[in-house]
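J.: need a 3D model of the following:
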Amino acid sequence: MEGNIIIDLIVFVWLGAISFFLFRLLRTFTKLTKGISDKDFRTILETLLKKIDNQDKGLGETKGIIEQIKTEGLECIQKVGLVRYNPFSETGGNQSFVLTLLNGKDNGLVITSLHSREATRVFAKPVKDGKEAGYEFSKEEIQAIISAQKVKK
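T.: The predicted structure is shown next:
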């Protein structure tokens, strides 16, 4: 008789614990499905999973586009250096200048403007990998290239 009472007590406690967890689960399920009409939970979950898959595909496409933009962006002018100077002591002021335009691979050009009383001359020289490409650079041109290369990418 005493064994039956102990077994009944264990079963009662067990049923109480299961009931407690079942009601908590039902309450959570009710919160999740609140405001949902005519659709079952499985359909809702399948719809959400399809949306997540579509977003993953879109994210992959976006990553590809970003990588393409990064690659193409290396060819665009990213670094600019400017040095003003006075090449002739008889003229006043730093009216001559060197402008360096480089892409992400340190390729580009150097534009030099020499200003004197009689005329202004403009020269352009190519830059390949941050170095001379067929023409010797003046110290101001080298300074402008170094200034441009210091620009953060």
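
J.: all strands for this structure, in order.
T.: Applying DSSP state E to the chain gives strands spanning 77-85, 96-103, 108-115, 120-128, 131-132.

J.: tell me where this structure is predicted with low confidence.
T.: For the chain, the stretches flagged by pLDDT under 70 are 1, 36-39, 41, 90-92, 153.

J.: before we move on, back to that, would TSV of the strands of the chain with mean neighbour count be doable?
T.: Quick note: C-beta positions are derived from backbone N, CA and C, even for glycine. Formatted as TSV, the strands of the chain follow (neighbours: other C-beta atoms under 10 Å):
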stretch	mean neighbour count
strand 77-85	17
strand 96-103	21
strand 108-115	19
strand 120-128	13
strand 131-132	13
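
J.: and those strands as TSV, adding distance to residue 67?
T.: Output for these, formatted as TSV (distance: least, C-beta to C-beta, whole Å):
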stretch	distance to residue 67
strand 77-85	17
strand 96-103	17
strand 108-115	23
strand 120-128	25
strand 131-132	28
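
J.: how is the chain carved up into domains?
T.: Per the record, the chain has its domains at 1-34, 36-73, 77-149, by automatic domain parsing.

J.: quick revisit: for the strands of the chain, which one sits closest to residue 43?
T.: Closest approach to residue 43 among those (C-beta to C-beta): strand 77-85, 50.9 Å.

J.: any idea how far residue 47 is from residue 33?
T.: Counting by C-beta to C-beta, to the nearest Å, the gap from residue 47 to residue 33 is 13 Å.
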